[in-house]
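Visitor: Quick check, what structure comes out for this input:
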Amino acid sequence: MSATDVGVRMGSGGSVTGTGVLTRLALRRDRIMIPVWVYALTAAVLSTCLSLGTLYGTLKERTDFARSMNVNSSLRALYGPAFSGESIGALTAWRMGCIGAALTGLMSILIVVRHTREEEESGRQELLSSGVVGRHAPLTAGLLTALTANAALALIVATALSVLGQSVAGSAALGLALAGSGLMFAGVAAVTAQLTASARVAKGLAGAVLGLTFLLRAAGDAASADAASPLVWASPLGWTENLRPFAGDRWWVLGLVAAFTAVMTGAAYVLVARRDLGAGLLPARPGPAEGAAALNGPFALAWRLQRGALYSWAAGFAVAGALYGSVGNSISGIVEDNAQLGDMVRRMGGPGALTDSFFATAMGLLGMLAAAYAVQSTLRLRSEETGRLAEPLLANAVGRVRWACSHLVFPALGTLVLLAVGGLSAGLAYGATIGDISGQLPTLTGAALAEAPAVWLTAALTLVLFGWLPKASAAAWGVFAAFLLCGQLGPVLHLPQLMLDLSPFTHLPKAPGGPQVAAPYVWLVLVAAVAAAVGLTGFRCRDLAGD
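Guide: Below is the predicted model of the structure:
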């Protein structure tokens with residue numbers, strides 16, 4: 001059946017016929033991914049609220065902290081301005097508003113592209129469309145799935161913050177700010193899914209829009225502490241920031257969010273009617289008549305498939321490292337009159353000098369980001385398998401282990417590249433600030449690279465799930481969320497040592513500043529190697545695309 005025939009059949013009934021069935025199917029397929037995302041985002045917001053409540057129990061402490069944050073342009077670029085320090089909720093909104101909105105937007109992009117463009121690219125949508133499925137049903141189902149995830153996030157965040165004693169209005173405003181960002185970028189993803197025939201490119205385009213809006217907001221906030229910069233208002237993420245949860249609750253800003261969402265989704269519905277199933281509106285670039293010699297083999301194919309993600313992550317690490325490096329010289333002044341903040345930094349980064357503790361914390365966060373990339377790049381094995389793209393390769397003279405290892409190069413070596421980029425960027429920024437680039441560049445680069453063994457263990461555990469429990473591979477994101485909670489937030493929340501020890505990042509010596517011993521690194525590398533071998537053994541023993 002051709003794409004045109006399917007397109008005719010799709011239009012034979014109502015344009016949204018079959019939406020309910022497709023939505024239930026999408027929710028069933030995302031029964032692990034969506035709860036993990038909602039749990040991780042909610043846990044980040046609540047743990048931030050609890051830790052800030054522990055550190056700043058009085059109004060004076062909160063207002064002094066908010067004032068000290070606002071005088072630092074680098075912190076404003078990263079988190080936005082602190083509009084108020086009157087409540088713990090206001091500081092929570094400052095700390096998690098911008099970052100949380102960006103992560104929620106990323107969640108929605110992944111959901112919408114998965115249930116629209118990925119379905120067409122894999123050929124499943126053509127099979128479903130041979131039944132009674134309306135032309136707009138797949139797009140509607142994808143958007144409804146994203147709406148469900150964002151509504152659940154808003155409701156849970158608002159309810160949990162209210163239970164913790166924060167104002168109901170402010171809690172609702174923060175929940176809606178997060179969900180509003182998710183819905184806006186669900187609309188963006190719906191448009192990019194119509195433009196290209198590749199799910200990877202559709203995600204990349206939507207991710208580029210998300211990155212641009214974040215940079216616009218960051219530039220505007222770095223220039224002004226009241227979020228009145230035209231650059232902030234030019235960014236959809238700036239709109240959610242200007243909703244100002246717990247600091248005035250500008251409900252009218254939600255009108256801008258709704259209008260943007262309506263325009264994007266409306267454009268997506270117009271575009272989906274102007275293309276054939278499986279095709280994109282942007283013309284595909286024809287490839288050469290003969291493949292280059294560099295594409296000969298599974299490793300070359302894996303590089304072509306994964307290089308775009310690696311480049312994007314590397315750009316993000318460069319920006320994050322530069323932000324951390326630019327803040328380093330002012331960290332002592334920020335916590336000079338705030339013993340609680342200094343105590344929190346030392347609990348997370350070790351008991352050394354305050355600047356060393358801050359950079360140890362920053363490098364730990366870069367390690368967690370690298371672990372997220374490691375999970376994503378390892379799970380590419382599962383997407384290639386379920387998309388029936390691995391089977392033709394394995395039917396030839398390519399063994400399973402060789403094919404798997406071609407993709408595992410990226411969580412193994414790609415993470416080293418990312419950590420090196422982040423460390424180099426932080427070293428350059430901090431070294432330029434204090435006039436010691438030659439000294440800080442190797443120090444911070446080495447500190448970033450020291451996170452690699454814990455990152456490799458995270459990837460190895462993902463491989464174990466892929467090898468033995470392929471249908472539960474997405475649970476790797478839950479493992480990552482648990483490591484984040486125990487390893488990075490655990491010291492602030494005073495979690496029991498037993499829980500802290502569950503994260504491999506807890507066992508790494510603090511760098512820079514802390515004493516360095518080889519044993520933890522050796523043990524983590526050995527455990528990661530054993531786990532990787534177990535995962536590869538499971539993959540060799542099971543059926544392809546099996547249980």
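Visitor: Could you export stretch 41-50 as CSV, CA atoms only?
Guide: The C-alpha trace of stretch 41-50 is given here as CSV (Å, rounded to 0.1, in the frame of the first residue of the first chain):
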residue,chain,number,x,y,z
LEU,A,41,10.6,16.5,37.9
THR,A,42,8.4,16.4,40.9
ALA,A,43,11.2,14.9,43.1
ALA,A,44,13.5,17.7,41.9
VAL,A,45,11.0,20.4,42.8
LEU,A,46,10.1,18.9,46.2
SER,A,47,13.7,18.1,47.2
THR,A,48,14.6,21.7,46.4
CYS,A,49,11.7,23.0,48.5
LEU,A,50,12.7,20.8,51.5
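Visitor: Flag the shaky bits of the stretch 251-400 of the chain, pLDDT-wise.
Guide: 287, 291, 294, 332-352 (pLDDT under 70).
Visitor: go on, the chain?
Guide: 1-14, 227, 287, 291, 294, 332-352, 488-495, 546-547.
Visitor: Now do the contacts for the nearest residue to Pro453 once chain neighbours are set aside.
Guide: Counting by CB to CB, 6 or more residues apart in numbering, the nearest residue to Pro453 once its immediate chain neighbours are dropped is Leu524, at 3.7 Å. (C-beta placed from N, C-alpha, C; glycine too.) Residues near Leu524 by CB atoms under 8 Å, 6 or more residues apart in numbering: 453-454, 456-457, 504, 507-508.
Visitor: ok, now Phe83?
Guide: 90, 93-94, 226-227, 244, 247-248.
Visitor: Closest one to Leu418 out of the contacts of Leu524, please.
Guide: Distance ranking of these against Leu418, using CB to CB, places Trp456 first at 12.7 Å.
Visitor: Which elements pack onto the helix or strand encompassing that closest one?
Guide: Element membership for Trp456, per DSSP states H and E: helix 452-468. The contact analysis (3 or more CB pairs under 8 Å, 6 or more residues apart in numbering; DSSP states H and E) places helix 452-468 against helix 354-386, helix 400-409, helix 415-434, helix 476-483, helix 519-541.
Visitor: Using JSON lines, lay out the contacts of Phe83 together with secondary structure and distance to Leu413.
Guide: Shown next, in JSON lines, are those (DSSP: H, G, I helix; E, B strand; the rest coil; distance: CB to CB, whole Å):
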{"residue": "Ala90", "secondary structure": "helix", "distance to Leu413": "43"}
{"residue": "Ala93", "secondary structure": "helix", "distance to Leu413": "39"}
{"residue": "Trp94", "secondary structure": "helix", "distance to Leu413": "37"}
{"residue": "Asp226", "secondary structure": "coil", "distance to Leu413": "45"}
{"residue": "Ala227", "secondary structure": "coil", "distance to Leu413": "41"}
{"residue": "Arg244", "secondary structure": "coil", "distance to Leu413": "44"}
{"residue": "Ala247", "secondary structure": "coil", "distance to Leu413": "45"}
{"residue": "Gly248", "secondary structure": "coil", "distance to Leu413": "48"}
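Visitor: can you pick the most crowded of these?
Guide: Ala93 (33 neighbours; other CB atoms under 10 Å).
Visitor: I figured it was touching Ala247, is that so?
Guide: Yes: using CB atoms under 8 Å, Ala93 is in contact with Ala247, at 7.2 Å.
Visitor: shared neighbours of these two, which are they?
Guide: In terms of CB under 8 Å, 6+ apart, Ala93 and Ala247 are both contacted by the residues 83, 170.
Visitor: what kind of secondary structure is the residue nearest in space to the middle of the chain in?
Guide: Residue closest to the average C-alpha location in the chain (CA atoms, centre = their mean): Leu103, at 5.4 Å. Classification of Leu103 using DSSP: H, G, I helix; E, B strand; the rest coil returns helix.
Visitor: That one: what's it in contact with?
Guide: So Leu103 contacts Leu41 (CB under 8 Å, 6+ apart).
Visitor: can you tell me how far it sits from Ala279?
Guide: 31 Å (CB to CB, to the nearest Å).
Visitor: same deal with Ser438?
Guide: For Ser438, the distance to Ala279 - CB to CB - is 54 Å.
Visitor: Relative to Cys49, which of the helices and strands packed on helix 452-468 is closest?
Guide: Nearest of those (CB to CB): helix 476-483, 17.2 Å.
Visitor: Out of the contacts of Leu524, give me the two with the largest separation.
Guide: Trp456 and His507 (13.0 Å).
Visitor: name the element the closest residue to Trp239 other than its chain neighbours belongs to?
Guide: In this structure, Trp239 finds its nearest non-sequential neighbour in Leu256, 4.9 Å apart by CB to CB, 6+ apart. Assigned by DSSP H and E, Leu256 belongs to helix 253-272.
Visitor: And that helix, what's buried?
Guide: 253-254, 256-257, 260-261, 264-265, 268-269, 271-272 (16 or more other CB atoms under 10 Å).
Visitor: Remind me what that helix packs against, helices and strands.
Guide: Packed next to helix 253-272, using 3+ CB pairs under 8 Å, 6+ apart, are helix 137-163, helix 168-195, helix 236-241.
Visitor: Looking at Ser438 and Ala279, which one has more neighbours?
Guide: Taking other CB under 10 Å, Ser438 and Ala279 do not tie; Ala279 has more neighbours (16 against 9).
Visitor: State the distance from that one to Ser198.
Guide: Plainly put, Ala279 is 11 Å away from Ser198 if you go by CB to CB.
Visitor: Then Tyr430?
Guide: 39 Å.
Visitor: Neighbour count: those two, which is higher?
Guide: Higher neighbour count among Tyr430 and Ser198: Tyr430, with 27 against 17, using other CB under 10 Å.
Visitor: wouldn't Val525 be in contact with Trp456 here?
Guide: Yes: contact criterion CB under 8 Å: Val525 and Trp456 qualify, at 6.8 Å.
Visitor: The two - which one has more neighbours?
Guide: Trp456 (25 against 16).
Visitor: With adjacent residues omitted, what lies nearest to that one?
Guide: Nearest to Trp456 is Ala528, by CB to CB, 6+ apart, at 4.3 Å.
Visitor: Tell me who's in contact with the one you found.
Guide: 453, 456-457, 459-460.
Visitor: Would you agree Leu441 is in contact with Leu424?
Guide: Yes: between Leu441 and Leu424 there is a contact under CB under 8 Å: 6.6 Å.
Visitor: And Ile32, its phi and psi?
Guide: Main-chain dihedrals, Ile32, degrees, to the nearest 10: phi -100, psi -50.
Visitor: ok, now how distant is the residue nearest to Trp456 from Pro230?
Guide: 48 Å.
Visitor: With Ala459 instead?
Guide: 42 Å.
Visitor: And for Ala482?
Guide: 41 Å.
Visitor: which one of these two has more residues nearby?
Guide: Applying other CB under 10 Å to Ala482 and Pro230 shows that Ala482 carries more neighbours, namely 16 against 12.
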